[in-house]
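>>> task: produce atomic coordinates for the following.
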Amino acid sequence: MGQTIEKPRVQGPGSGLGGNWRVIVKNDDHNTFDHVAMTLARYIPGITVPIGYQYADRIHNSGQAIVWSGQREVAELYWEQLQGAGLTMAPLEQG
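Numbers count the residues shown, from 1 in each chain. Reported below is the predicted structural model:
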């Protein structure tokens, strides 16, 4: 087995456009499983309604889930669309 070496961060969070940005949906008391699943399927490429339900289940059981990661500009767009549809969003994270 290879050894994992973690490199120290040279820039603070939120700096630069490189790396993957995480779009995280948080659990709340007002969105239904149906709404979460349909909203994810509507806005996030590659998420079908059945996959949306898997995410909704994960969000419900663990409190949150990363629903997409990638370039910052795209992550910001998806984040805004999901928030605009009423989902509870965590701040964008660089990972």
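
>>> contacts and neighbour counts: CA atoms only from here.
Noted.

>>> ok, N20 - how many residues close by?
Applying other C-alpha atoms under 10 Å, we find 15 residues neighbouring N20.

>>> check contacts around it.
By C-alpha atoms under 8 Å, 6 or more residues apart in numbering, N20 lies in contact with S69, G70, Q71, R72, Q94, G95.

>>> again, but for I51
Here I51 is in contact with A37, A41 (C-alpha under 8 Å, 6+ apart).

>>> again, but for W68
Residues near W68 by C-alpha under 8 Å, 6+ apart: R22, V23, I24, I44, A75.

>>> same question, H35
Listed by C-alpha under 8 Å, 6+ apart, the contact set of H35 is empty.

>>> by mean pLDDT, point me to the weakest helix or strand of the protein.
Lowest mean confidence among the helices and strands of the chain (mean pLDDT, DSSP states H and E): strand 93-94, at a mean of 92.

>>> of the contacts of W68 - the most surrounded one?
Highest neighbour count within the contacts of W68: V23, with 26 neighbours (other C-alpha under 10 Å).

>>> quick one: contacts of the one helix or strand that one maps to?
Assigned by DSSP states H and E, V23 belongs to strand 21-26. By C-alpha under 8 Å, 6+ apart, the residues outside strand 21-26 that reach it are 59, 63-72, 75, 78-79, 87-95.

>>> report the rounded mean pLDDT for it.
For strand 21-26, mean pLDDT is 98.

>>> can you give me the strands in this protein?
21-26, 64-70, 88-89, 93-94 (DSSP state E).

>>> winner for burial among the ones you listed?
strand 21-26 (a mean of 22; mean count of other C-alpha atoms under 10 Å).

>>> what is A65 paired to in the beta sheet?
Listed by DSSP bridges, the beta-bridge partners for A65 are V25.

>>> wait, it touches R58, no?
Yes: between A65 and R58 there is a contact under C-alpha atoms under 8 Å: 6.4 Å.

>>> identify the contacts common to those two.
Contact criterion C-alpha under 8 Å, 6+ apart; residues shared by A65 and R58: none found.

>>> will you turn the strands of the chain into CSV that also has distance to G52?
Putting these into CSV (distance: least, C-alpha to C-alpha, whole Å) gives the following:
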stretch, distance to G52
strand 21-26, 12
strand 64-70, 9
strand 88-89, 15
strand 93-94, 21
